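Chemist: how would this look folded up:
(one chain, ligands or ions: 1)
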Amino acid sequence: MTSIYRGDYDVVVCGGGTAGTLAAISAARNGAKTLLVEKGSFLGGVSVTGFFPHSFYANSGKKAVGGIPQEIIDELTKLDGTLGHLRYEGGHLYTHTPVDNEILKSVLIQMVVDAGVDLMLNSLIQDISMQGSYIRSLVIRTKAKTFTVNAKTVIDATGDGDVAHMTGAPFNQGRQDGKMQPVTLIMRITNIDWDKLVNGVPTETPILWAEKPRSTAKTPAYFRGILTQWEDTEEYNQLFTDKNHQLFCLSPWATEATVNTTRLIGVDGTDYDDVNTAEIKSRKQVLETYRFLLKYVPGFANSNLVAGHSLGVRETRRFIGDYELTEEDVLAGRKFEDNIGLGAYPIDMHDPNGGNVTFKQIGDDGSYGIPYRCLLPQGVENLLIAGRCLSATHKALASVRSIAACMVMGQATGLAAAMASKDNKTMREVDIKVLQATLREQGAILE
Ligand SMILES: Cc1cc2nc3c(=O)[nH]c(=O)nc-3n(C[C@H](O)[C@H](O)[C@H](O)COP(=O)(O)OP(=O)(O)OC[C@H]3O[C@@H](n4cnc5c(N)ncnc54)[C@H](O)[C@@H]3O)c2cc1C
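Modeler: Numbering: from 1, shown residues only. Down below sits the predicted model:
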């Protein structure tokens, strides 16, 4: 059978995760012949295997994220796949947006298909060929065969920046001592007795209560328990490296929760051996953590572990762009001439040494600009980076890596790549004013 996935594309999006899925939708909707290449069997990346999108609203109450990210939430709402943007009174975020990961997977794939994107799942970008400072073609490897496609423009949304790395573009990784935030394997646990959990486990943060689909009683949508009372047990000391270990539960369901509490430090997500070992260790950690919850933690005694997603990597390569977003920019809530959208998630630092999780709030109106220049890797003219591989410092990344901000970057890069390929321009020659005006017309929020 002849494959359709050959020939020339205006835009090739590499990685169908959080940023890449939106980049492909945006490029195709703006008239570009678009190919989306994803190494896994579904779309959404860490937005469907990790935790949940937050910060559609800044802490001042201002709406910070619209456009395609909001359209996704609207689609989910029609399908009972989200509780929407729930106001989190007194918490570290203005809103939480619990979503059903499985429904999100289906919504994303349908939106990609409806936009007319050529989609290749189970396909890995293996190599590129360059002419001067331009990527000319990409080699895509599937289990059955290898394809070569030509691209006018390319968006690297692989999380690790695999394509930018293949071009030789410079990058930084980790903080000054090279250490990175820990990796986590998220679990999903069902048959939780919320009353027992809430009454038996202290929390230092407010509980967000919500009515869930097919249930009238209110149960927690966000609960952050502190496991201090079990610090003397052998299991606690084997499992957790910090004191007052936090048990993050987010839940759009009546009796079930997505639980974020496992952690492995010292893992380099770009090193095969490190990742492979971490996958094996984290499966063991998930089982042992679940057994710890069953044995000690009220509310889990009759629960079942229904899923352990795949290893979630918080940070790896950050490519050096024409501008590097800094912690100062984030904390000051700085806005830029070339904003392509806003970030509104606090600096959420999981200690690279295995200590606790800390949050630092954004100043000004609770949002900061994401400059287009942060998406332009050095030395390549037809490549944009989108998602957590953007140009930012280690601390700024701890905010801008959030799902909503990655989605914002996806929408903007898809449009910019479509504009560049249509006008035969480099990514640096894209008219930023036209890009911004079109993004606004398409629902994005830039200020
Ligand atoms: C455990 C964990 C919990 C988190 N919790 C939250 C949270 O509560 N709220 C929040 O806002 N953010 C959270 N984050 C952060 C956020 O989820 C991620 O930073 C963000 O989703 C990353 O998006 P991305 O598009 O850059 O990468 P990803 O979503 O990882 O997408 C990259 C995609 O590229 C594909 N890919 C990689 N290499 C190749 C290749 N060579 N060829 C083809 N495809 C490739 C991958 O399969 C993947 O689908 C969390 C992160 C982790 C790890």
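Chemist: let me see the contact set for the residue positioned nearest the centre of the chain.
Modeler: Residue closest to the mean C-alpha point of the chain, counted by C-alpha atoms, centre = their mean, is residue 403 at 3.8 Å. Neighbour list for residue 403: 18, 46-47, 50, 52-54 [criterion: C-beta atoms under 8 Å, 6 or more residues apart in numbering]. All C-beta atoms are positioned from the backbone trio N, CA, C, and that covers glycine.
Chemist: ok, the closest residue to the ligand within the stretch 1-150 of the chain - contacts?
Modeler: Nearest residue of the stretch 1-150 of the chain to the ligand: residue 17, at 1.7 Å (C-beta to the nearest ligand atom). Applying C-beta under 8 Å, 6+ apart, we find residue 17 in contact with 38, 43-47, 157-159, 387, 406.
Chemist: what residues does the chain have near the ligand?
Modeler: 14-20, 37-40, 45-47, 50-54, 124-125, 157-159, 162, 184, 186, 260, 312-314, 345, 387-388, 401-404, 406 (C-beta under 6 Å from any ligand atom).
Chemist: which of those fall within helices?
Modeler: Of the positions in the residues of the chain next to the ligand, 18-20, 46-47, 162, 403-404, 406 sit in helices, assigned by DSSP state H.
Chemist: which of these tops the neighbour count?
Modeler: In terms of neighbours by other C-beta atoms under 10 Å, these top out with residue 19 at 35 neighbours.
Chemist: looks like that residue contacts residue 409 (just checking).
Modeler: Yes: look at residue 19 against residue 409 with C-beta atoms under 8 Å: they come within range, at 5.1 Å.
Chemist: joint contacts of those two?
Modeler: 386-387.
Chemist: list the contacts of residue 429.
Modeler: Contacts of residue 429 (C-beta under 8 Å, 6+ apart): residue 420.
Chemist: domain ranges for this structure?
Modeler: 7-177+316-441, 184-312 (automatic domain parsing).
Chemist: want to try CSV for those domains, with mean pLDDT as columns?
Modeler: Listed next are the domains of the chain as CSV, based on pLDDT from 0 to 100:
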stretch, mean pLDDT
domain 7-177+316-441, 96
domain 184-312, 95
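Chemist: what about residue 291, distance to the ligand?
Modeler: As judged by C-beta to the nearest ligand atom, to the nearest Å, residue 291 and the ligand stand 20 Å apart.
Chemist: any buried residues in whichever helix or strand residue 209 is part of, and which?
Modeler: For residue 209, the element it lies in under DSSP states H and E is strand 208-211. Going by neighbour count (16 or more other C-beta atoms under 10 Å), the buried part of strand 208-211 is 208, 210.
Chemist: remind me, longest strand of this structure?
Modeler: Longest strand in the chain by number of residues (criterion: DSSP state E): strand 146-156.
Chemist: partner strands of that strand, parallel or antiparallel?
Modeler: Next to strand 146-156 in the sheet, as set by DSSP bridges, lie strand 7-14 (parallel), strand 134-141 (antiparallel), strand 383-385 (parallel).
Chemist: which one of those is the most hemmed in?
Modeler: By mean neighbour count, with neighbours taken as mean count of other C-beta atoms under 10 Å, strand 383-385 ranks first of the strands paired with strand 146-156 at a mean of 30.
Chemist: other residues contacting it?
Modeler: Contacts of strand 383-385 (C-beta under 8 Å, 6+ apart): 135, 153-157, 161, 163-164, 167, 169, 319, 321, 375-377, 391, 413, 416-417, 427.
Chemist: against which helices or strands is the stretch of helix or strand residue 436 belongs to packed?
Modeler: In this structure, residue 436 sits in helix 432-441 according to DSSP H and E. Applying 3 or more C-beta pairs under 8 Å, 6 or more residues apart in numbering; DSSP states H and E, one finds that helix 432-441 makes contact with strand 339-343, helix 403-423.
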